[in-house]
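**Q** model this:
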Amino acid sequence: MAMQTKHKKRGSTLTLILMLIVLLGLVVAIIFWPVEAKASPEPALTEQDDLEETTLVRTGDIAPDFTVKMTDGRKLTLSALRGKVVLVNFWATWCPPCRQELAHMQTGILDPFAGTDLVVIPISRGETRATVESFIHKMGYTFPVGIDENKSIYLKYATNYVPRSFVIDREGKVVYSVAGYDETVAREINEAITNALR
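**A** Modelled structure (predicted):
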């Protein structure tokens, strides 16, 4: 009888130790889960129907007005830019296609259209100024970006998905809009800007 009690106690202790190890493993996994996975609050852009539902501003619409503070200290108001062509691009630091588009921004848009009536406003969506400035510095970008920490500007244009780009003509009308980024999109943006500048 004493032997049986001893085995029961040993079995209970072993079970308790195993439970503690599993619990400790879960705690470690939660603490060290990749930051980018935590920071990606939306699914991949795959469903066309869902994309339509989350898009609030389309080609042909008058672009909603906003004022955004840029990392160089300036404040830009969209309606004050009438007479110029504007590219508004919403992005986030954790988003791979956004990073690809930002890497293309200087050589693919800013340099080719330098000296024209184009104003480019890349707006970081839903992230703190510190996060954005750290990212911009790390990547070596010298162009200013806008900060939309609480998504108040973004939510006038869409409810989900980045990157999103809107080319706005001299009268304030959206002449091209797109979600996502690849070589085709890059070419289409440049064509839309070129046509709007004519």
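
**Q** Find me the pLDDT at Val22, would you?
**A** The per-residue pLDDT reported for Val22 equals 67.

**Q** Kindly report the same for Ser40.
**A** pLDDT recorded at Ser40 is 46.

**Q** what about Pro96, how many neighbours?
**A** Neighbour count of Pro96, defined by other C-beta atoms under 10 Å: 12. (C-beta placed from N, C-alpha, C; glycine too.)

**Q** so where's the chain uncertain?
**A** 1-11, 20, 22-49 (pLDDT under 70).

**Q** Which residue ranges of it form strands?
**A** Using DSSP state E, the strands of the chain run over residues 67-70, 75-77, 85-91, 118-125, 146-148, 164-168, 174-179.

**Q** So what touches the fifth one?
**A** Translated: strand 146-148. Outside strand 146-148, the residues within contact range by C-beta atoms under 8 Å, 6 or more residues apart in numbering are 68-71, 76, 90, 121-129, 132, 153-154.

**Q** Quick check, central residue of the protein?
**A** Central residue of the chain (C-alpha atoms, centre = their mean): Ala92, 2.5 Å from the mean position.

**Q** got a list of what it touches?
**A** Ala39, Cys98, Ser124, Arg125, Gly126, Glu127, Val162 are the contacts of Ala92 under C-beta under 8 Å, 6+ apart.

**Q** Surely the third one and Glu133 touch.
**A** No: under the criterion of C-beta atoms under 8 Å, Ser124 is not in contact with Glu133, lying 9.5 Å apart.

**Q** neighbour count winner among these two?
**A** Between Ser124 and Glu133, Ser124 has the larger neighbour count (other C-beta under 10 Å), namely 28 against 14.
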